[in-house]
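**Student:** The sequence isn't on hand, but the structure is:
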Ligand code: C2E
Ligand code: CA
Ligand code: CA
């Protein structure tokens with residue numbers, strides 16, 4: 001019975017008197033109860049001493065005085081042990097209740113006999129005593145303990161609130177669905193808001209609004225789900241003004257008594273400074289201060305990545321050691337400043353002549369390493385190396401004078417020259433020394449066979465350049481016929497007979513022309529010759545022939561091609577309906593918006609567009625729908641074997657029916673025998689080209705065929 005209220009005490013009295021016929025002695029029960037209460041039951045006068053008329057035994061525990069000391073103010077009056085600061089208030093409150101005829105409840109301090117200060121709670125009521133005099137009856141209990149607990153709680157609350165409010169780290173509570181339930185001023189400050197309230201209002205969708213990387217909140221929730229907490233969870237976040245900072249979060253889940261997730265709670269540190277510092281250190285560790293290029297630290301790691309990529313995609317990877325030929329001379333004679341600016345200039349030139357997929361590393365001193373990725377032909381690597389030599393070899397101004405610097409390049413190729421970074425670097429280095437021994441300013445491959453290929457290729461490139469300049473290139477024509485074998489048109493095919501090399505196949509020189517840019521003047525020659533010949537023939541024919549010219553993907557890099565064709569048409573006086581342009585699917589792999597633009601410009605000239613080699617590349621239906629193509633040229637590989645290989649026949653059949661259903665003209669190339677012709681014709685193929693009808697022929701031969709054979 002620690003807390004007995006006045007009400008239950010009074011109720012009990014009523015009950016007891018009601019049941020007075022039972023064989024119990026109510027006054028005894030009452031007596032026991034009253035004297036065993038944890039507190040003091042009293043009756044007192046309303047005088048200035050609160051003179052006690054009755055107090056229960058609880059008096060001793062409460063005040064330290066025996067009941068007889070208090071009753072009739074024998075030793076002390078109750079007023080005198082009441083704290084002097086509280087006396088007036090107590091009297092007022094009691095007086096008020098009495099005047100209203102209501103109960104009172106008042107809290108105040110008393111001093112016990114031994115001088116201890118106690119908080120007490122007194123509840124009571126004014127009643128008439130047996131003589132009709134107004135007295136107080138009530139109950140006083142010790143509240144000191146409660147008060148102390150309350151006080152401690154209040155202090156603790158205050159203390160923690162202070163901690164949270166004044167903390168320099170951000171503190172938050174967020175709901176699972178991503179809004180703030182609480183935030184402290186530091187968090188608001190970190191995120192750039194003027195108050196926690198503003199932050200809570202503004203950030204209603206943390207996942208979308210706060211994190212720079214939209215997946216970060218999901219990751220946070222995922223970890224919470226998995227471990228119930230996150231530690232040092234680092235993310236980049238947006239502040240109110242949209243600037244970005246880095247934070248580190250420590251947080252845990254909060255659950256209710258049923259174990260349900262209520263919210264997340266945690267802290268936020270602003271770690272932007274540390275991050276900056278870290279990036280700076282990383283930069284310093286991985287980049288060359290002078291040139292801004294990567295330094296050798298990451299070379300190995302990067303090479304391993306390049307190797308695994310090349311292995312996966314089946315590409316060649318080239319590692320090139322570049323060593324400047326005259327660096328020591330310049331550095332010694334002109335001084336370090338000049339040496340430095342030479343290195344910076346070379347670094348710039350190297351970066352400029354490589355593609356974005358390649359990397360330049362400053363290995364140290366005047367040595368650089370190039371990592372050339374994604375080459376599917378050795379030829380294109382050779383072209384790139386030649387370009388690097390040319391660039392480095394261009395004159396350079398140092399200390400007001402012009403210098404020319406050469407370089408020795410050594411190249412190792414993955415996979416043939418090594419399977420790991422270590423051996424590739426070693427072999428590239430060895431090849432570089434070979435280049436130095438060869439008399440500098442040249443490049444060498446580690447594998448001698450590649451050196452032969454490279455030499456031959458460079459010679460061929462030079463020869464081709466001269467051949468174009470000196471008009472050694474010729475154009476042959478291969479007829480295309482309809483199902484009744486009537487000639488509808490001709491495909492122009494470049495031919496090169498070199499004094500030195502003999503007949504060079506287009507399969508060899510076209511790729512070189514493409515990689516070196518010679519394809520532009522080469523195409524110019526083909527367009528000019530093919531258009532002129534066709535114009536001449538058509539003047540004598542009743543039904544004019546169409547002339548088809550192949551356009552390399554490379555020509556689609558700039559819009560000039562449209563003007564070139566227009567100029568050649570005009571020069572030959574050939575109408576656009578007589579012109580077909582054959583393009584391959586790889587045209588679409590670059591900037592397809594630009595390509596689309598060029599194709600539409602060509603279309604508006606009135607020429608016909610054909611998709612060449614269909615069925616070899618990606619052959620996407622998307623291209624066929626999106627691009628303004630009139631003709632599909634089914635690749636030779638879909639024709640060869642068509643007569644006895646069911647698989648090939650099936651594909652050919654599908655391509656023909658696809659082309660027809662899209663309203664395109666379908667042309668079969670490489671038709672070599674009757675059986676193939678019959679099959680294709682039976683499937684509804686529109687046009688045919690191949691050795692069965694005719695090999696590519698010189699202009700003279702075509703003239704003979706057209707006008708002797710009665711084709712007029
Ligand atoms: P392409 O455009 O697919 O040309 C058809 C190739 O197949 C020609 O080879 C032609 O001689 C050959 N061919 C024709 N009928 C048959 C046949 O029945 N059986 C066999 N086995 N082959 C046949 P060519 O003339 O050696 O040209 C090869 C490739 O070189 C061409 O393939 C084309 O991609 C390219 N090319 C040729 N001339 C030019 C040109 O002026 N410009 C461009 N960009 N590329 C050209
Ligand atoms: Ca072609
Ligand atoms: Ca073809």
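**Tutor:** Received it, and whenever you're ready, just let me know what you need. Not measured: the values here are computed from a predicted model. Numbers count the residues shown, from 1 in each chain. Ligands and ions are numbered 1, 2, ... in the order given.
**Student:** Enumerate every residue touching residue 673.
**Tutor:** By Cβ atoms under 8 Å, 6 or more residues apart in numbering, the contact set of residue 673 is 643, 692. From N, CA and C alone the C-beta is placed, and that goes for glycine too.
**Student:** any idea of the pLDDT on it?
**Tutor:** On pLDDT, residue 673 comes in at 96.
**Student:** Give me the distance between it and residue 692.
**Tutor:** Shown here: residue 673 relative to residue 692, a distance of 6 Å by Cβ to Cβ, to the nearest Å.
**Student:** what do you get for residue 674?
**Tutor:** The gap separating residue 674 from residue 692 is 7 Å, by Cβ to Cβ.
**Student:** the more surrounded of the two?
**Tutor:** Ranked by neighbour count (other Cβ atoms under 10 Å), residue 674 and residue 692 place residue 692 first, with 17 against 10.
**Student:** phi, psi of the more buried one?
**Tutor:** Torsion angles at residue 692 (phi, psi; degrees, to the nearest 10) stand at phi -60, psi -40.
**Student:** who are the neighbours in contact with the closest residue to it other than its chain neighbours?
**Tutor:** Excluding the flanking residues, the one nearest residue 692 by Cβ to Cβ, 6 or more residues apart in numbering is residue 671, at 4.9 Å. Applying Cβ under 8 Å, 6+ apart, we find residue 671 in contact with 639, 677, 680, 688, 689, 690, 691, 692, 693.
**Student:** do residue 304 as well
**Tutor:** Here residue 304 is in contact with 420, 421 (criterion: Cβ under 8 Å, 6+ apart).
**Student:** cutoff 6 Å now
**Tutor:** Residues near residue 304 by Cβ atoms under 6 Å, 6 or more residues apart in numbering: residue 421.
**Student:** Could you say which helix or strand holds it?
**Tutor:** Residue 304 belongs to helix 299-313 when assigned by DSSP states H and E.
**Student:** Mind listing what's buried along that helix?
**Tutor:** By neighbour count with 16 or more other Cβ atoms under 10 Å, helix 299-313 contains the buried residues 299, 302, 303, 306, 307, 310.
**Student:** quick one, what contacts residue 427?
**Tutor:** Neighbouring residues of residue 427 by Cβ under 6 Å, 6+ apart: 412, 417, 418, 446.
**Student:** for residue 69, same thing?
**Tutor:** Remark: with contacts taken as Cβ under 6 Å, 6+ apart, residue 69 is in contact with residue 75.
**Student:** what about it, distance to residue 363?
**Tutor:** Residue 69 is 102 Å from residue 363, where distance means Cβ to Cβ.
**Student:** What's the separation between residue 517 and ligand 3?
**Tutor:** Distance from residue 517 to ligand 3, counting by Cβ to the ion, to the nearest Å: 23 Å.
**Student:** Check residue 247 too.
**Tutor:** Residue 247 is 59 Å from ligand 3, by Cβ to the ion.
**Student:** So that residue sits against residue 266, correct?
**Tutor:** No - using Cβ atoms under 6 Å, residue 247 is not in contact with residue 266, being 10.9 Å away.
**Student:** Can you give me the neighbour number for residue 67?
**Tutor:** Residue 67 is flanked by 19 other residues according to other Cβ under 10 Å.
**Student:** Residue 290 now?
**Tutor:** There are 14 residues near residue 290, going by other Cβ under 10 Å.
**Student:** Same check on residue 201?
**Tutor:** The number of residues near residue 201, taken as other Cβ under 10 Å, comes to 12.
**Student:** buried set for stretch 424-442?
**Tutor:** Neighbour counts using 16+ other Cβ under 10 Å place 424-429, 431-432, 434-436, 441-442 of stretch 424-442 among the buried residues.
**Student:** Among those residues, which are located in helices?
**Tutor:** Using DSSP state H, 424, 425, 426, 427, 428, 429, 431, 432, 434, 435, 436 are the members of those that sit in helices.
**Student:** What is the most widely separated pair among those residues?
**Tutor:** Farthest pair in these (Cβ to Cβ) is 424 and 436. Separation: 19.0 Å.
**Student:** How are the strands of the stretch 351-500 of the chain distributed by residue range?
**Tutor:** 359-364, 367-375, 396-398, 401-403, 407-414, 442-445, 473-481, 487-498 (DSSP state E, counting those that start in this stretch).
**Student:** Can you tell me the strand partners of the second one and which way each runs?
**Tutor:** Think strand 367-375. strand 316-324 (antiparallel), strand 359-364 (antiparallel) (DSSP bridges).
**Student:** average pLDDT for that strand?
**Tutor:** So the average pLDDT for strand 367-375 ends up being 93.
**Student:** quick one: that strand to helix 299-313, angle?
**Tutor:** If you take axes from the mean of the first three to the mean of the last three Cα atoms, to 10 degrees, strand 367-375 sits at 20 degrees to helix 299-313.
**Student:** what's strand 367-375 in contact with?
**Tutor:** Residues from elsewhere that reach strand 367-375, judged by Cβ under 6 Å, 6+ apart: 306, 315-316, 318-323, 357-363, 381.
**Student:** can we see that at 7 Å?
**Tutor:** Identification of contacts with strand 367-375 by Cβ atoms under 7 Å, 6 or more residues apart in numbering yields 299, 302-303, 306, 309-310, 315-323, 350, 354, 357-363, 381, 384.
**Student:** tell me the residue furthest from the middle of the chain?
**Tutor:** No residue in the chain sits farther from the centre than residue 131, which is 93.1 Å out by Cα atoms, centre = their mean.
**Student:** Which strands or helices does the helix or strand hosting residue 152 pack on?
**Tutor:** Assigned by DSSP H and E, residue 152 falls within helix 144-166. With contacts taken as 3 or more Cβ pairs under 7 Å, 6 or more residues apart in numbering; DSSP states H and E, helix 144-166 sits against strand 117-128.
**Student:** Quick one: list the elements packing against the strand it packs on.
**Tutor:** Counting contacts by 3+ Cβ pairs under 7 Å, 6+ apart, strand 117-128 is packed against strand 104-111, strand 134-142, helix 144-166.
**Student:** Quick check: buried residues in stretch 519-538?
**Tutor:** Under 16+ other Cβ under 10 Å, the buried positions of stretch 519-538 are 519-520, 522-523, 525-535, 537-538.
**Student:** likewise stretch 78-91?
**Tutor:** Applying 16+ other Cβ under 10 Å to stretch 78-91 flags 78, 79, 81, 82, 83, 86, 90, 91 as buried.
**Student:** how far away is the fifth one from residue 366?
**Tutor:** What that stands for is residue 83. Applying Cβ to Cβ, the value for residue 83 to residue 366 is 93 Å.
**Student:** Look up phi and psi at the residue farthest from the centre of the chain.
**Tutor:** According to degrees, to the nearest 10, residue 131 has phi -100, psi 10.
**Student:** which residues touch it?
**Tutor:** By Cβ under 7 Å, 6+ apart, no residues touch residue 131.
**Student:** That one and ligand 3, how far apart?
**Tutor:** From residue 131 across to ligand 3, the span is 131 Å (Cβ to the ion).
**Student:** do residue 240 as well
**Tutor:** Relative to ligand 3, residue 240 is positioned 61 Å away (Cβ to the ion).
**Student:** Does that residue touch residue 189 like I think?
**Tutor:** No - the pair residue 240 and residue 189 does not pass the contact test of Cβ atoms under 7 Å, sitting 10.6 Å apart.
**Student:** Between these two, which is the more surrounded one?
**Tutor:** Shown here are residue 240 and residue 189; by other Cβ under 10 Å, residue 189 has more neighbours (17 against 14).
**Student:** So that one, which state does it fall into?
**Tutor:** Secondary structure for residue 189, judged by DSSP: H, G, I helix; E, B strand; the rest coil, is helix.
**Student:** Give me the local confidence score for it.
**Tutor:** We have a pLDDT of 95 for residue 189.
**Student:** Could you pull up phi and psi at the closest residue to it other than its chain neighbours?
**Tutor:** Closest residue in space to residue 189, ignoring its immediate chain neighbours: residue 170 at 7.8 Å, by Cβ to Cβ, 6+ apart. Recorded main-chain torsions at residue 170 are phi -80, psi 140, according to degrees, to the nearest 10.
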